[in-house]
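Enquirer: sequence below, structure please.
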Amino acid sequence: MGRTRLAAAAAAVRAARGPRTVRLALAASAALLLTAAAVPAGTGASGTGPAGTGRAQEAGPRDAGSVLVFSKTAGFRHDSIPDGIAALEQLGAEAGFTVDATEDAGVFTPERLAAYDAVVFLSTTGDVLDDSQQAAFEGYIENGGGYMGVHAAADTEYEWPWYGGLVGAWFDSHPAIQPAKVDVEDRAHPSTAHLGTVWERTDEWYNYRTNPRENVHVLATLDEGSYTGGSMGDDHPTAWCHEYEGGRAFYTGGGHTEESYADPAFRAHLLGGLRWTAGAAQADCRPENGYKPLYDSGTGLDGWKQAGPGHFEESDDGTLNTVGGMGLLWHETDRQGDYSLKLDWKAAGDDNSGVFVGFPASDDPWSAVDNGYEIQIDASDVPEKTTGSVYGFQSADLKARDAALNPPGEWNTYEIRVEGERLRILLNGTLVNDFTNTDPARSLTDGHIGLQNHGDGDDVAFRNIRLREPASEGAGPAGEGGGG
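Expert: Okay, here's the model as predicted:
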């Protein structure tokens, strides 16, 4: 495909869309969204007819968020496509955004794509777009559009290298439909936050031509010991996300069977992926490699110590929940040198907690306050004491913080990157604070890390605490989409 044509298409998309805005219904609560996900799809959904019969013929700008579901096939056709369209239409109706379904590739023009926050490739197969349509879709993504691929979206457009990068990996083969165990690696992303550490379900499980891990953020992998016919070994990704050429891309290998689209857990998986793809939910989707767990469902609290009367309780799924009065759960290893600390956290409401770094070992929780630095979690206070701040020292970039922050009741991910006396804070993959210690009485170059229990009534949960040393190994520039 000529780059001149692509450049012209990209320019046309930018002119049609203007600055990208997220039109999805951000005010919809997490409870409403999950309720929508749990309701089985009805049987009377529209937009399931042959090419040209979907409502996308009438697509135009919407006040609420808009999603295009594209299901054209030029190869094998899945019987589950109507069920998938019905599920997405129902989820959209109940969660507050419009879903248009079509098999007409003529929708792929700069002007018509500009109406949508995300485009779903629902079990497409083969070569479904011509050169001009491909150019228009590239321009749409480069201008901040979203792509969500479901199942056979990986069995699509093998001669289009750009699309191969977008979807993440192409289909290779599959065994018969059968039950399998899915290991959930990221339980902060909205597509997987509702799941436990292991997700057992029945589907047709794809093997892929390549392992996408180096280029995407893997959300879940298949346990090949739990079924027959896997060919990728111990690391078999089946769901992932990443930022690509200016836009967002999410892929899930599930969705072959009709029953999938009536399964509440899979429907919530789709809805969470769609919310992130369309920009209505935030997550750290940078590739993540080289981290070792400090706490998750498999490690327990070995190596951690509790200071103060407050404490943390472990749930069966590896979540730490604050209980009681003021306290500090701290790791006994004295960190010396550079490191990157990542962890997932969720506040129930306007609650207070924080993550401490660079403090000496002590049974007194106030030692961390007096000698270390706290990366704050708090929705309401003065700027230098709210989420993303270095408490009492430096406010977060409030515009960047507010754009990256998920609301109470939803999970967020911190990366706390220590390099010498420099402390950078990334929230859901976005740089929100860049602080340098100049206090000779404090130092970031050695000390402990800890989680604060602020007190009764401050309900904050943590999980998946992991560390990589040194901080810069395999990482791109902070805030620029580099690997975390």
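Enquirer: any figure for the gap between the closest residue to Asp350 other than its chain neighbours and Thr387?
Expert: Spatially, and ignoring its direct neighbours in sequence, Asp350 is nearest to Ala379 (4.7 Å; CB to CB, 6 or more residues apart in numbering). Just so you know, the C-beta spots here come from the backbone N, C-alpha and C atoms, and that holds for glycine as well. Distance of Ala379 to Thr387, computed by CB to CB, to the nearest Å: 6 Å.
Enquirer: who has more neighbours out of these two?
Expert: Between Ala379 and Thr387, counted using other CB atoms under 10 Å, the more crowded position is Thr387 (27 against 14).
Enquirer: excluding chain neighbours, what is closest to the more buried one?
Expert: Ile377 (5.5 Å).
Enquirer: and that neighbour, bridged to which residues?
Expert: Taking DSSP bridges as the rule, Ile377 bridges to Ser353.
Enquirer: just Thr73 next, same as before
Expert: Here Thr73, judged by DSSP bridges, has bridge partners Thr125.
Enquirer: count of neighbours near it?
Expert: 19.
Enquirer: pull the contacting residues for it.
Expert: Ile81, Glu103, Ser123, Thr124, Thr125, Gly126, Val128, Ala152 (CB atoms under 8 Å, 6 or more residues apart in numbering).
Enquirer: which of these has the most neighbours?
Expert: Thr124 (30 neighbours).
Enquirer: just to check, it is in contact with Phe70?
Expert: Yes - contact criterion CB atoms under 8 Å: Thr124 and Phe70 qualify, at 6.5 Å.
Enquirer: how many residues are close by Pro301?
Expert: Not Pro; residue 301 is Leu. Neighbours of Leu301 using other CB under 10 Å come to 14.
Enquirer: what about Ser362, distance to Val355?
Expert: From Ser362 over to Val355 (counting by CB to CB), the distance is 17 Å.
Enquirer: what about the two, which has more around it?
Expert: Neighbours were counted for Ser362 and for Val355 using other CB under 10 Å; Val355 has more, 23 against 17.
Enquirer: partner residues bridging Val198?
Expert: Bridge pairing for Val198 - DSSP bridges - gives Asp183.
Enquirer: these two touch, right, it and Val182?
Expert: Yes - the criterion here is CB under 8 Å, and Val198 meets it with Val182 at 7.0 Å.
Enquirer: what's near enough to touch Ser380?
Expert: Contacts of Ser380 (CB under 8 Å, 6+ apart): Asp350, Thr386.
Enquirer: report how many residues lie close to the spatially closest residue to Ala441 that is not a sequence neighbour.
Expert: With CB to CB, 6+ apart as the criterion, Ala441 has its nearest non-adjacent residue at 7.8 Å, and that residue is Asn371. By the measure other CB under 10 Å, the count of residues near Asn371 is 16.
Enquirer: wait, Asn371 sits on Ala361?
Expert: No - using CB under 8 Å, Asn371 makes no contact with Ala361, being 10.5 Å away.
Enquirer: for this structure, give me the ranges with low pLDDT.
Expert: 1-64, 471-484 (pLDDT under 70).
Enquirer: strands along the stretch 251-400 of the chain, start to end?
Expert: 292-295, 304-307, 311-314, 319-323, 327-331, 335-336, 339-347, 352-359, 373-378 (DSSP state E, counting those that start in this stretch).
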